[in-house]
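Student: no sequence on this one, just coordinates:
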């Protein structure tokens, strides 16, 4: 019956002609169960055309991703445990008295019982560990330290090993720790190669997708054509399951009319499945949600959580108040000199763009003649600008004119470290900053700062360079990076 097609009336029809160039399914490779042979008979050409690429993928991918990872996890854990046990046995044989053999044996049994669960709990082996041998060393060290602490507590509670030398046990710990870290450092690249150079295997399915739909995503690519294939078919579902189980993640790029079908199919597979949709890229969506049948794209998130904002505010206040007290003599002298030079106001106020694109008044020591002050910053200051006073040249060259911004920090409109604020009339090449790059508005998710990445990296040139440099600071802020920026800018 495999060579016949049945008409609705039940009459046998001649099978459709299959071109000689069309690959035919090899029964030895794809042994169909008898109950499924009717499905194959209905459309052998379309079934073959759809399944042949999946067949090729399985031939090239010998083992599933999870199975390979589990074997490597077991190998790493076994070698670590062997090194620790060998250290205990060797050191005990050379330095412990014959009466301490029983205590040494009990410590070894404790180490075996504790080390494996501790490796799992502390994530001593993971996909990230396979990719980064430095992280692997750090995780291995944590596991050894935690194991040693548990063994110490257990030995004290159960009065095990009271006859063992404390010096020998300390020696066991440090030698075992060194051997585990050395194993992970030197063997890390080997484990990485054994896995194939990627700790997460990705299957990229292109089903008549537009050119470049998957971009430069790394993974195993396969071209499929599902036009004449129904996913309501046990044969198709079986072969897709057999292929996708070899991977950790499946990404499908297809024509718009097939997205719902692929999404429905992926939901039936126990795998991370994704369908490419250009809407996500167009809106730079960070996630999606579905509530009450209404789908939403998440397009924005806070730049920092409450904890980080509170930590940043405390740090700003501490540094700003301390700096105001320490630098008050210098600030008083500068204020007196500015006043004496032409009798004008000491401070210069200018409207700038702050956090969330809200406007605020920034404070600076006045460095220009009163009549020539440019509140909108429509004209950039040059090296030999005749609008700058004599005192102004000195305080601008040493950045002393920026010191009043410490009061902006105390007032909450600025931070010590963050993207530098610009005046509303600032231009780059004759165009306003947001006309040069609309992404300019995104840099204001953090409070503007006294110093930022542009100053740390020495970007004193064109405004566009400083603008791009500051944009990179916003999504990567943390207290450590802020401290490095502050110290670097202070000494550069």
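Tutor: Alright, I've got the coordinates. Quick caveat: nothing in here was measured; it's all calculated off a predicted structure.
Student: ok, and the closest non-adjacent residue to residue 85?
Tutor: In this structure, residue 85 finds its nearest non-sequential neighbour in residue 108, 5.7 Å apart by C-beta to C-beta, 6 or more residues apart in numbering. For every residue, glycine as well, the C-beta is placed using N, CA and C.
Student: so that neighbour sits against residue 88, correct?
Tutor: Yes. Counting by C-beta atoms under 8 Å, residue 108 does reach residue 88; the two are 5.2 Å apart.
Student: count of neighbours near the residue nearest to residue 85?
Tutor: 16 (other C-beta atoms under 10 Å).
Student: need the strands for this protein, in chain order.
Tutor: 5-6, 12-13, 202-207, 220-224, 249-254, 272-275, 287-291, 294-298, 347-353, 359-365, 415-417, 427-428, 431-432, 449-451 (DSSP state E).
Student: list the contacts of the closest residue in space to residue 295 that isn't next to it in sequence.
Tutor: Nearest residue to residue 295, sequence neighbours excluded (C-beta to C-beta, 6+ apart): residue 288, at 6.5 Å. By C-beta atoms under 8 Å, 6 or more residues apart in numbering, the contact list for residue 288 reads 280, 295, 296, 297, 298.
Student: and residue 288, how far from residue 60?
Tutor: 33 Å (C-beta to C-beta, to the nearest Å).
Student: go on, residue 50?
Tutor: On the measure of C-beta to C-beta, residue 50 and residue 60 end up 18 Å apart.
Student: with neighbour numbers in mind, choose between the two.
Tutor: Legend: neighbour count by other C-beta under 10 Å for residue 50 and residue 60, higher for residue 50 (22 against 8).
Student: and the more buried one, what's its pLDDT?
Tutor: In this model, residue 50 is scored at 76, pLDDT.
Student: the nearest residue to it once chain neighbours are set aside: neighbouring residues, count only.
Tutor: The spatially closest residue to residue 50, leaving aside those adjacent along the chain, is residue 229, at 4.7 Å (C-beta to C-beta, 6+ apart). Neighbour count of residue 229, defined by other C-beta under 10 Å: 19.
Student: residue 229 touches residue 236, doesn't it?
Tutor: Yes. Assessed by C-beta under 8 Å, residue 229 is found in contact with residue 236 at 6.1 Å.
Student: count of neighbours near residue 67?
Tutor: Per other C-beta under 10 Å, the neighbour tally for residue 67 reads 12.
Student: list the contacts of it.
Tutor: Counted by C-beta under 8 Å, 6+ apart, residue 67 has zero contacts.
Student: quickly note the distance from it to residue 357.
Tutor: Distance from residue 67 to residue 357, by C-beta to C-beta: 52 Å.
Student: related to what we said a few turns ago, phi, psi of the residue nearest to residue 50?
Tutor: Note on residue 229: backbone dihedrals following degrees, to the nearest 10 are phi -120, psi 140.
Student: please shift the residue numbers so they start at 56 in all later answers.
Tutor: From this message on, residue numbering opens at 56, which makes the last subject residue 284.
Student: now do the same contact list for the residue nearest to residue 455 when sequence neighbours are not counted.
Tutor: Among residues not flanking residue 455 along the chain, residue 389 sits closest, at 5.9 Å (C-beta to C-beta, 6+ apart). Contacts for residue 389 (C-beta under 8 Å, 6+ apart) come out as 420, 446, 450, 455, 458.
Student: which ones among these are found in helices?
Tutor: 446, 450 (DSSP state H).
Student: biggest separation within the contacts of residue 389, which pair?
Tutor: The distance between the two most remote of the contacts of residue 389 (C-beta to C-beta) is 13.7 Å, for 446 and 458.
Student: residue 309 and residue 108, how far apart?
Tutor: From residue 309 to residue 108 the distance is 14 Å (C-beta to C-beta).
Student: more crowded one of the two?
Tutor: Taking residue 309 and residue 108 together and counting by other C-beta under 10 Å, residue 309 has the greater number of neighbours (21 against 17).
Student: residue ranges with poor pLDDT in the stretch 256-405 of the chain?
Tutor: Applying pLDDT under 70 to the stretch 256-405 of the chain flags no residue at all.
Student: same thing but at 90, please
Tutor: For the stretch 256-405 of the chain, the stretches with pLDDT under 90 are 256-258, 262-304, 310-316, 319-327, 332-367, 396-399.
Student: try the stretch 106-255 of the chain
Tutor: 106-127, 143-166, 181-189, 206-227, 243-255.
Student: mind running it again at 70?
Tutor: Residues of the stretch 106-255 of the chain that meet the cut-off, pLDDT under 70, sit at 116-120, 150-155, 216-219, 250-255.
Student: look at the spatially closest residue to residue 357 that is not a sequence neighbour and report its pLDDT.
Tutor: Spatial nearest neighbour of residue 357, chain neighbours left out: residue 500 (7.9 Å); criterion: C-beta to C-beta, 6+ apart. We have a pLDDT of 85 for residue 500.
Student: over to residue 458?
Tutor: What the model reports as pLDDT for residue 458 is 94.
Student: list the residues that contact it.
Tutor: Residues counted as contacts of residue 458 (C-beta under 8 Å, 6+ apart) are 382, 385, 386, 389, 420.
Student: for stretch 451-464, how far is the first residue from the last?
Tutor: Distance across stretch 451-464, first residue to last, is 20 Å (C-alpha to C-alpha, to the nearest Å).
Student: number of nearby residues for the residue nearest to residue 115 when sequence neighbours are not counted?
Tutor: Nearest residue to residue 115, sequence neighbours excluded (C-beta to C-beta, 6+ apart): residue 275, at 7.6 Å. Residue 275: 16 surrounding residues under other C-beta under 10 Å.
Student: spit out the contact partners of residue 275.
Tutor: Taking C-beta under 8 Å, 6+ apart, one finds 112, 115, 116, 256, 257, 258, 259, 302 in contact with residue 275.
Student: how close does residue 160 sit to residue 215?
Tutor: Counting by C-beta to C-beta, the gap from residue 160 to residue 215 is 10 Å.
Student: who's more crowded, the two?
Tutor: Per other C-beta under 10 Å, whichever of residue 160 and residue 215 has more neighbours is residue 215, with 18 against 15.
Student: buried ones in the longest helix anywhere in the chain?
Tutor: For the chain, the helix with the greatest residue count under DSSP H is helix 361-397. Using 16 or more other C-beta atoms under 10 Å as the test for burial, helix 361-397 gives 367, 370, 371, 374, 375, 378, 379, 386, 389, 390, 392, 393.
Student: contacting residues around the third one?
Tutor: Residues in contact with residue 371, defined by C-beta under 8 Å, 6+ apart, are 464, 470, 471.
Student: now residue 501: closest residue in space that isn't a chain neighbour?
Tutor: Spatially, and ignoring its direct neighbours in sequence, residue 501 is nearest to residue 473 (4.8 Å; C-beta to C-beta, 6+ apart).
Student: got the phi/psi numbers for that neighbour?
Tutor: Taking degrees, to the nearest 10 as the convention, residue 473 sits at phi 170, psi 180.
Student: can you list the contacts of residue 389 in JSON lines and add distance to residue 437?
Tutor: Supplementary listing: those in JSON lines, determined by distance: C-beta to C-beta, whole Å:
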{"residue": "420", "distance to residue 437": "19"}
{"residue": "446", "distance to residue 437": "18"}
{"residue": "450", "distance to residue 437": "17"}
{"residue": "455", "distance to residue 437": "19"}
{"residue": "458", "distance to residue 437": "23"}
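Student: out of the contacts of residue 389, which is nearest to residue 267?
Tutor: residue 458 (51.8 Å).
Student: can you tell me how far that closest one sits from residue 241?
Tutor: Taking C-beta to C-beta, one finds residue 458 at 53 Å from residue 241.
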